[in-house]
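Visitor: Show me the folded form of this:
(one chain, ligands or ions: 3)
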Amino acid sequence: METPEKTRNLFIVTYGCQMNVYDSGRLGSLMRQRGWAMAESQESADFIFVNTCSIREKAARRVIGHLKRLRALKKKNPGLILGVGGCVAEQEGRRLIDEVPWLNLVVGPGRLGEIPAAAEALAAGGPPVVLSGQGPGFPEIPLAGAGPAPVSSFLTIMSGCDNYCAYCVVPYLRGPESSRPKGEILAEARDLVSRGSMEITLLGQNVNSYGRPGHRGGEDFVDLLTEVSRIPGLRRLRFTTSHPKDFPQALVDLFGRLPNLCEHLHLPLQAGSDRVLAAMGRRYGWERYLGLVAALREACPGLALSTDVIVGFPGETEAEYLETVSALRTVRFDSIFSFKYSDRPMTAANSLPGKVPEEEKQRRLAHLQAIQKTITLERHQALVGKTVEALVEGFGRHPGQLTGRARDLKVINFDGPARLLGSLAMVTVTEAWPVSLIGRLA
Ligand code: SAH
Ligand code: SF4
Ligand code: F3S
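Guide: Ligands and ions are numbered 1, 2, ... in the order given. Predicted structure coming up:
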């Protein structure tokens, strides 16, 4: 009797931004369409794919560490296929195989659609494969198709970045901006909702420039948001990341106007000093940023704001750093992501004079984070006693506890029955913590 061929298993490890999370999900569905299954662990996989990030040096180093540790698995199972994708793959290409000779596959983000064929060639004993450089436009990937979708899903609407901020490696690794056709995005959004997604976050490095003239494909971003928001059954809509220089009033006005557009916006500031902002090539100044915040808060008084800031950009003086601190005190963001400047290959800032010593960057970062911690806590405390809508996404840390996110993206934990998973629940905030809220079912 013929024995059926054993199903091959794939395990995907994801580092980096939400676009990598989205790409990993798409890769999973592509591979499932080709008959692969998802492995429970790296140990039980026939193919391990590590999706990587190169935004800061630490992120890239972590990836190399991970790949080196996989050598032990490769020794136990010589047929194991090891693949690397994402931005480190694009940056290093063939050099990665020189550094980690037990690798089989290196694929840049623009070539994602070619992974199934490459994996099959490797499973048949083929030689190592390196695919980099952007494919033509947005890589075409069929709809995910079968099975339930997460209650909260990502949907990438554009790729690449044309901004070339002086510190940033992304434009060199993700290629020029390219927008997906609106029809394709709407079809994918409808498919996600039909399979159970209640919340969709539209993604791009610079999502506001979706459909800009000169892009391949895409139409107007305000129209796109309006049309996605009308999909029946879509309860929540978000988009990220927005560049402050590309934020027309028509987009501001959508907050408070589209009922499912959530009251949260991530609006990276990067620095409070106009001199540093100019040196970063951000093309807005502090006054303009503050004016945008005021317009947004006027259109949507309950809007929560988060941001990214970098400390220790080359040449940043103590006084300039303190302008960032004062910006945080003025805006009072709900939360921030803060980073020490990190030299990246190819970027303009790499060759700038006045590099700030590591200990000084560390001091500024710790100081800034301590100040923001108090602001975030005060923002959370202001919600105590209020009732918020939570999208219940999973179990909390304690038995019987559920965890979800409010419309303003804040994490809220509360006791409740498991049947609430994947639904919207009204929860009254009872306690505020620096990173989350505690509540009880209202
Ligand atoms: N496209 C988004 C952000 C992409 S990267 C935007 O334009 O805002 C996420 C964050 O990483 C950036 O906002 C920035 O704060 C940080 N970052 C990028 N390059 C960095 C570098 N070389 N060193 C330190 N932080 C960096
Ligand atoms: Fe990087 Fe600037 Fe593009 Fe954001 S906008 S990805 S920070 S170059
Ligand atoms: Fe990292 Fe590339 Fe995203 S560098 S942040 S994975 S675009």
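
Visitor: contacts and neighbour counts: CA atoms only from here.
Guide: Will do.

Visitor: Let me see the domain layout of the protein.
Guide: Per automatic domain parsing, the structural domains of the chain span 9-131, 144-262, 266-382, 387-441.

Visitor: what is the mean pLDDT for the second one?
Guide: Translated: domain 144-262. Mean pLDDT, computed over domain 144-262, is 93.

Visitor: How about that domain and ligand 2, touching?
Guide: Yes. For domain 144-262, a contact with ligand 2 is found by CA under 6 Å from any ligand atom, at 161, 163-165, 168, 170-171, 205-206.

Visitor: sorry, back to before: export the domains of the chain to TSV and tack on mean neighbour count and distance to ligand 1?
Guide: Listed next are the domains of the chain as TSV, based on neighbours: other CA atoms under 10 Å; distance: least, CA to the nearest ligand atom, whole Å:
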stretch	mean neighbour count	distance to ligand 1
domain 9-131	19	5
domain 144-262	19	4
domain 266-382	18	4
domain 387-441	18	18
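
Visitor: Which residues are in contact with the residue in the stretch 251-400 of the chain that ligand 2 sits nearest to?
Guide: Going by CA to the nearest ligand atom, ligand 2 is nearest to residue 282 of the stretch 251-400 of the chain, at 7.1 Å. By CA atoms under 8 Å, 6 or more residues apart in numbering, the contact set of residue 282 is 165, 245.

Visitor: Those residues of this structure touching ligand 2, which are they?
Guide: When proximity is defined by CA under 6 Å from any ligand atom, the chain lies next to ligand 2 at 161, 163-165, 168, 170-171, 205-206.

Visitor: Which one of those is nearest to residue 359?
Guide: Relative to residue 359, the closest of the residues of the chain next to ligand 2 is residue 168; by CA to CA it sits at 21.8 Å.

Visitor: Now the nearest residue to the closest one once chain neighbours are set aside: phi and psi?
Guide: Nearest non-adjacent residue to residue 168, counting by CA to CA, 6 or more residues apart in numbering: residue 347, 6.2 Å away. Torsion angles at residue 347 (phi, psi; degrees, to the nearest 10) stand at phi -80, psi 160.

Visitor: hang on, isn't residue 415 packed against residue 430?
Guide: No. If you go by CA atoms under 8 Å, residue 415 and residue 430 don't touch, sitting 11.8 Å apart.

Visitor: overlap in contacts of the two?
Guide: 439-440.

Visitor: quick one on the thing from earlier: now the residues of domain 144-262 next to ligand 2 in CSV, with secondary structure and distance to residue 222?
Guide: Output for the residues of domain 144-262 next to ligand 2, formatted as CSV (DSSP: H, G, I helix; E, B strand; the rest coil; distance: CA to CA, whole Å):
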residue, secondary structure, distance to residue 222
161, coil, 19
163, coil, 20
164, coil, 24
165, coil, 25
168, coil, 27
170, helix, 25
171, helix, 24
205, coil, 17
206, coil, 14
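
Visitor: Pick out the most distant pair among these.
Guide: The largest separation in these, counting by CA to CA, is between 168 and 206 at 12.9 Å.

Visitor: Regarding the chain, what is its longest helix?
Guide: Using DSSP state H to define each element, the chain has its longest helix at helix 358-381.

Visitor: got the contact list for that one?
Guide: 311-312, 321, 325, 328-329, 332-336, 338-341, 431-437.

Visitor: let's go with 6 Å and repeat that
Guide: If you take CA atoms under 6 Å, 6 or more residues apart in numbering as the criterion, helix 358-381 is touched by 312, 334-335, 340, 432, 434.

Visitor: Tell me if stretch 201-219 is near ligand 3.
Guide: No. Judged by CA under 6 Å from any ligand atom, stretch 201-219 stays clear of ligand 3, getting no closer than 7.0 Å.

Visitor: Could you work out the end-to-end span of that stretch for me?
Guide: 18 Å (CA to CA, to the nearest Å).

Visitor: Stretch 193-200 now?
Guide: In stretch 193-200, first residue to last residue: 9 Å (CA to CA).

Visitor: and it, how far from the chain's centre?
Guide: The chain centroid and the centroid of stretch 193-200 are separated by 19 Å, computed with CA atoms, centre = their mean, to the nearest Å.

Visitor: Ramachandran angles for the closest residue to residue 274 other than its chain neighbours?
Guide: Leaving aside its sequence neighbours, residue 274 sits nearest to residue 285 (CA to CA, 6+ apart; 5.3 Å). Per-residue torsions, residue 285: phi -110, psi 170 (degrees, to the nearest 10).

Visitor: What of residue 239?
Guide: The phi and psi values for residue 239, taken as degrees, to the nearest 10, are phi -150, psi 150.

Visitor: who in the stretch 151-300 of the chain is up against ligand 3?
Guide: Within the stretch 151-300 of the chain, the positions near ligand 3 by CA under 6 Å from any ligand atom are residue 170.

Visitor: same thing but at 8 Å, please
Guide: Within the stretch 151-300 of the chain, the positions adjacent to ligand 3 are 160, 169-170, 173-174, 205 by CA under 8 Å from any ligand atom.

Visitor: of these, closest to residue 71?
Guide: residue 173 (26.5 Å).

Visitor: which residues sit against the helix or strand encompassing the closest one?
Guide: Using DSSP states H and E, residue 173 sits in helix 170-174. Residues outside helix 170-174 that contact it (CA under 6 Å, 6+ apart) are 87, 90, 160-161.

Visitor: Between all of those, which two are separated the most?
Guide: The largest separation in the contacts of helix 170-174, counting by CA to CA, is between 90 and 161 at 14.7 Å.

Visitor: all helices of this structure, in order?
Guide: For the chain, applying DSSP H gives helices covering 18-33, 57-69, 71-76, 86-92, 95-99, 115-123, 170-174, 182-194, 221-229, 249-252, 274-280, 286-299, 318-331, 358-381.

Visitor: Quick check: mean pLDDT of the last one?
Guide: Which is helix 358-381. 98.

Visitor: ok so, going back, would you list the helices of the chain in TSV and tack on distance to residue 134?
Guide: TSV is the format used below for the helices of the chain (distance: least, CA to CA, whole Å):
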stretch	distance to residue 134
helix 18-33	14
helix 57-69	20
helix 71-76	29
helix 86-92	9
helix 95-99	18
helix 115-123	14
helix 170-174	7
helix 182-194	20
helix 221-229	23
helix 249-252	30
helix 274-280	26
helix 286-299	33
helix 318-331	36
helix 358-381	34
